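Q: got a sequence here, can you model it:
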Amino acid sequence: MWHIIITSLPAMLTAMIQYTIPLAVVSFIFGLILAVLTALIKFIEPSENKLIKYPWLVLRAIANFYVWLFRSTPLLVQLFIIFFGLPSAGIQLSPFIAAVIGFSLNTGAYASETIRSALLSVPQDQWDAAFTLNFTTRQTLTKIVLPQAVRIALPPLSNSFIGLVKDTSLASSITILEMFQVSQQITAKNFEPLLMYSLAAFLYAVICSLLTLLQHYLERRTSKYVKGSEA
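A: Next comes the predicted model:
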């Protein structure tokens, strides 16, 4: 047993470093950017100026449809449509690019609701006080509301990233040689599915445990400033 683990571990660690971690990080960054834009479109009320109001309402309708679509369909189906379905429409993507697009769109849909909820949780008094001090809407949003919303959204967003790390195992279904795919290939050679899949699960648990520790550290750091301001 130990011989199999020792000989299999380097290949699985290499796949984790080359594909699993980069795929999760890149997808989360793009997903977070998309989530912020989507949340702001749904959160900010449009101006009464018709030249701004109606295009903004169209953007909001698109944002609502995007969130509904990707929250209502399985991630695996989304990956299959992007990688196996789009070539029928003449769009050929590499496995890694297809996975990044799928994971980013899925993460952005869920994270946008997290960010929007965090924005809505900031009391209206904060807006009123800022306007009393002659802050513009942009200044109020960037200097007062968003910093508070980030602290509120940090725990659920961290959980989303941890979940995304585990979801990268689905990339094996579109031929990416990430950690789980490598474990499947090794299993096909040594016929030890219980051992190999348990080893893969252990490595995922190690990554997620380290990310959980980082999450707790960031939460303590941000809470420290809140407690200091309250004192």
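
Q: off-centre distance for the longest helix along the chain?
A: Taking DSSP state H as the assignment, the helix of the chain that covers the most residues is helix 193-230. Relative to its chain's centre, helix 193-230 lies at 15 Å (C-alpha atoms, centre = their mean, to the nearest Å).

Q: by contact count, what packs against that helix?
A: Counting contacts by 3 or more C-beta pairs under 8 Å, 6 or more residues apart in numbering; DSSP states H and E, helix 193-230 is packed against helix 2-15, helix 146-167, helix 179-190. The C-beta positions use only the backbone N, C-alpha and C, and glycine is treated the same way.

Q: of those helices, which is nearest Phe202?
A: Across the helices and strands packed on helix 193-230, Phe202 has its closest neighbour in helix 2-15 (9.6 Å, C-beta to C-beta).

Q: can you give me the buried ones in the closest one?
A: Residues Ser8, Met12, Ala15 are the ones in helix 2-15 that count as buried (16 or more other C-beta atoms under 10 Å).

Q: how about stretch 129-138?
A: Residues of stretch 129-138 classed as buried by neighbour count (16+ other C-beta under 10 Å): Ala130, Phe135.

Q: same check on stretch 83-96?
A: Phe83, Leu93, Pro95, Phe96.

Q: could I get these as CSV with distance to Ile144 and pLDDT?
A: Below are the buried residues of stretch 83-96 laid out as CSV (distance: C-beta to C-beta, whole Å; pLDDT from 0 to 100):
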residue, distance to Ile144, pLDDT
Phe83, 43, 97
Leu93, 41, 95
Pro95, 43, 95
Phe96, 40, 96
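
Q: name the nearest of those relative to Asn106.
A: Of these, the one sitting nearest to Asn106 (C-beta to C-beta) turns out to be Phe83, at 13.7 Å.

Q: could I get the phi/psi values of that closest one?
A: phi -90, psi -40 (degrees, to the nearest 10).

Q: out of the helices and strands packed on helix 193-230, the one nearest Phe65 is which?
A: Of the helices and strands packed on helix 193-230, nearest to Phe65 by C-beta to C-beta is helix 146-167, at 21.0 Å.

Q: need the residues that contact that closest one.
A: If you take C-beta atoms under 8 Å, 6 or more residues apart in numbering as the criterion, helix 146-167 is touched by 20-21, 24, 27-28, 31-32, 75, 103, 107, 110-111, 114-115, 117-119, 121-122, 126, 204, 207-208, 211-212, 214-215, 218-219, 222-223, 226.
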